[in-house]
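Participant: Provided below are the primary sequence and the corresponding predicted coordinates.
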Amino acid sequence: MANPRVYLNLIGGEWTPSTSGKTFESRNPADTRQVVGIFQDSNAEDIQAAVAAAKSAFESWRLMPAPKRGEILMRGAQLLQERKDQYAVEMTREMGKPVFETGGDIVEAVDMAYFAGGEGRRMHGVTTPSEMHNKFQMSIRTPIGVCGLITPWNFPMAVPSWKLLPALVCGNTIVMKPAEDTPASIFNLVQCLIDVGLPPGVVNIVTGYGPTAGQPLVEHPDVPVISFTGSTETGRLVNKLAADKIKHVSLEMGGKNAMIVLDDADLDLVFQGAVWGAFGTSGQRCTATSRIIVQRGVAEKVINHIVEKASQMRIGDGTDSQTEMGPVINQKQMEKILNYIEIGKQEGATLRCGGQRLSDGKYANGFFIQPTVFTDVKPTMRIAQEEIFGPVLSIITVDNFDEAIEVANGVQYGLSSSIYTRDVNAAYRAMRDINTGIVYINAPTIGAEIHLPFGGIKATGNGHREAGPQLIDAFSEWKSVYVDFSGSLQRAQIDNVD
Ligand code: UN1
């Protein structure tokens, strides 16, 4: 193999090595003998330099007309689309999921670039009548400053794009700290923007680990906005670290998403949806279907079919066009998932298929785990409560609709959910009564589109949403402006009561 590319940090438009003098390797999870890239193991000093560059670039970027900023995003989208096939293969090599999925990950970033770019021509505020004569009033959105973006490895380009592009169109400048497993895709995304004329310093990339690079970014006094996607455990820490400085913090965290299957469901749809929802991206989506709550009348049939389909899945290197499910991301995650499989067995759930690491032949150098299905799962078991983030599905049998909703809601998370039924009344009750930010009817828990808000409640989020019409809320501040053209002092009603 050719020598792996050495990626430098991007600071103020210059490719810059870390002052630590240290680097780390990103390896292919399907074959760890392959080094995908060598990245800077950055420290607080690098973060300091990147924040200073972003702060200085803010002064001109915030003054560029928003439609012009939007045009840069749209031209970047065009380039990204042209480079999609190459970038998809590179993403598969760093992250593992099949090329049809990584291509989709990139298309989602393309869509977001057009959607956010269009916001440059909207960014609507309101005007409202005044209580007084000859007075005009309006609210306008203003950029906030330097945004610190800390992004996950499971959607190496799509999820960062939900943060980066809306933040940019608002007029903010950026310091990104990509997940250490998948930084290359961030460089690819940002390269497209640079190639269409993004000014230096507007986006800065600093690679590295959470404690050494992420934490100084979260704590930096000149970074008023932190947007984070990752585990609830880390999100909680981010929130605490940012609290003293009263930062805007938006957190997108874990899920334990349930698919409810009622007796009257279209079962063919259920089988396909369950397998895709549970094992797509090797179960490594925060929206993954990790629980199926099935009504007793169809339970046996549903279980048998899912087990059959899961056992037949073609597992392998994601660059092989035959592959349906790739490896998991790294050794640590693999061990965590295998540990949960042990926990499930010890808790008394029945392991119906999978449960093993694949390590022979073509699997020898990768992190492959068989699609795993547990039945006889009780709602209180750890495998039914905790986020596993791997190809492990827990099936819980219930007697009726009410019990299904109660079990669905009986977890700490609240991201996504779904219900399969032909009963329109049951579907509407589920939409109302399931406590998640996203609800699907007759579709699995994954596959959110960018035109609707994405996010969850309870331990999944802290009240913010990404994408959708709300996409710029986290990255802009409202300013209310009163214009008095009466030529005299008019007191507001609060100070002027007869
Ligand atoms: C995530 O799981 O981190 O809804 C994001 C989906 C994708 C995004 C998932 N569009 O499945």
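Facilitator: Okay, I see it.

Participant: domain assignment for the protein?
Facilitator: Following the assignment in automatic domain parsing, the chain carries domains at 5-253+461-480, 257-441.

Participant: Any residue of the longest one touching the ligand?
Facilitator: Yes. Domain 5-253+461-480 comes into contact with the ligand when judged by C-beta under 6 Å from any ligand atom, the residues involved being 154-155, 159. For the C-beta atoms, the positions are set from N, CA and C on the backbone; glycine is no exception.

Participant: and the residues you listed as a markdown table, adding pLDDT?
Facilitator: Listed next are the residues of domain 5-253+461-480 next to the ligand as a markdown table, based on pLDDT from 0 to 100:
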| residue | pLDDT |
| --- | --- |
| 154 | 98 |
| 155 | 98 |
| 159 | 98 |
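
Participant: Columns neighbour count on top of those residues, output as CSV?
Facilitator: Formatted as CSV, the residues of domain 5-253+461-480 next to the ligand follow (neighbours: other C-beta atoms under 10 Å):
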residue, neighbour count
154, 26
155, 28
159, 26
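
Participant: Tell me which stretches of the stretch 201-350 of the chain form strands.
Facilitator: Using DSSP state E, counting those that start in this stretch, the strands of the stretch 201-350 of the chain run over residues 203-205, 225-229, 248-252, 257-261, 289-295, 350-353.

Participant: can you list these in JSON lines and add mean pLDDT?
Facilitator: Converted to JSON lines, those look like this (pLDDT from 0 to 100):
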{"stretch": "strand 203-205", "mean pLDDT": "99"}
{"stretch": "strand 225-229", "mean pLDDT": "98"}
{"stretch": "strand 248-252", "mean pLDDT": "98"}
{"stretch": "strand 257-261", "mean pLDDT": "98"}
{"stretch": "strand 289-295", "mean pLDDT": "98"}
{"stretch": "strand 350-353", "mean pLDDT": "98"}
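
Participant: just so I know, which of the ones you listed lies nearest residue 282?
Facilitator: Minimum separation from residue 282 across those (C-beta to C-beta) falls at strand 289-295, 12.1 Å.

Participant: Give the partner strands of the closest one in its sheet and their orientations.
Facilitator: Applying DSSP bridges to the sheet, strand 289-295 is found paired with strand 257-261 (parallel), strand 392-398 (parallel).

Participant: what about residue 355, neighbour count?
Facilitator: 18 (other C-beta atoms under 10 Å).

Participant: Doesn't it belong to a strand?
Facilitator: No. Checked against DSSP: H, G, I helix; E, B strand; the rest coil, residue 355 lies outside a strand; its state is coil.

Participant: pLDDT weak spots in the stretch 351-498 of the chain?
Facilitator: 497-498 (pLDDT under 70).

Participant: mind redoing it with 90?
Facilitator: Residue ranges of the stretch 351-498 of the chain with pLDDT under 90: 491-498.

Participant: Strands of the stretch 51-200 of the chain, residue ranges please.
Facilitator: According to DSSP E, counting those that start in this stretch, the strands that the stretch 51-200 of the chain contains are 127-128, 135-143, 146-150, 173-177.

Participant: Dump those strands into JSON lines; add mean pLDDT as well.
Facilitator: Output for these, formatted as JSON lines (pLDDT from 0 to 100):
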{"stretch": "strand 127-128", "mean pLDDT": "98"}
{"stretch": "strand 135-143", "mean pLDDT": "98"}
{"stretch": "strand 146-150", "mean pLDDT": "98"}
{"stretch": "strand 173-177", "mean pLDDT": "98"}
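
Participant: can you list the ones you listed in CSV and add mean neighbour count?
Facilitator: Shown next, in CSV, are the strands of the stretch 51-200 of the chain (neighbours: other C-beta under 10 Å):
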stretch, mean neighbour count
strand 127-128, 10
strand 135-143, 16
strand 146-150, 28
strand 173-177, 28
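
Participant: Pipe the ones you listed into a markdown table and attach distance to residue 316 per row.
Facilitator: Conversion of these to a markdown table gives the following (distance: least, C-beta to C-beta, whole Å):
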| stretch | distance to residue 316 |
| --- | --- |
| strand 127-128 | 58 |
| strand 135-143 | 45 |
| strand 146-150 | 31 |
| strand 173-177 | 31 |
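
Participant: For residue 251, find the nearest of those strands.
Facilitator: strand 146-150 (9.9 Å).

Participant: now the angle between strand 173-177 and the closest one, please.
Facilitator: For strand 146-150 against strand 173-177, the angle by axes from the mean of the first three to the mean of the last three C-alpha atoms, to 10 degrees is 20 degrees.

Participant: Tell me which residue of the stretch 201-350 of the chain lies closest to the ligand.
Facilitator: At 3.3 Å from the ligand, residue 285 is the closest residue in the stretch 201-350 of the chain, using C-beta to the nearest ligand atom.

Participant: who's in contact with that residue?
Facilitator: For residue 285, the contacting residues are 154-155, 446, by C-beta atoms under 8 Å, 6 or more residues apart in numbering.

Participant: just curious, which of those residues is nearest to residue 310?
Facilitator: residue 446 (15.9 Å).

Participant: so the closest one touches residue 277, yeah?
Facilitator: Yes. Counting by C-beta atoms under 8 Å, residue 446 does reach residue 277; the two are 5.4 Å apart.

Participant: Next to the ligand, which bits of the stretch 301-450 of the chain? Give me the list.
Facilitator: Counting by C-beta under 6 Å from any ligand atom, the stretch 301-450 of the chain sits next to the ligand at 446-448.

Participant: ok, back up a step: I'd like to know which of the strands of the stretch 51-200 of the chain lies nearest to residue 90.
Facilitator: Nearest of the strands of the stretch 51-200 of the chain (C-beta to C-beta): strand 173-177, 17.4 Å.

Participant: Output the contacting helices and strands for the closest one.
Facilitator: Contact here means 3 or more C-beta pairs under 8 Å, 6 or more residues apart in numbering; DSSP states H and E; on that basis strand 173-177 packs against helix 44-61, strand 146-150, helix 158-169, strand 203-205.

Participant: among the strands paired with strand 289-295, which is the most enclosed?
Facilitator: Across the strands paired with strand 289-295, the average number of neighbours (mean count of other C-beta atoms under 10 Å) peaks for strand 257-261, which reaches a mean of 29.

Participant: about what we covered before: got any residues that touch both of residue 446 and residue 277?
Facilitator: 288-289.
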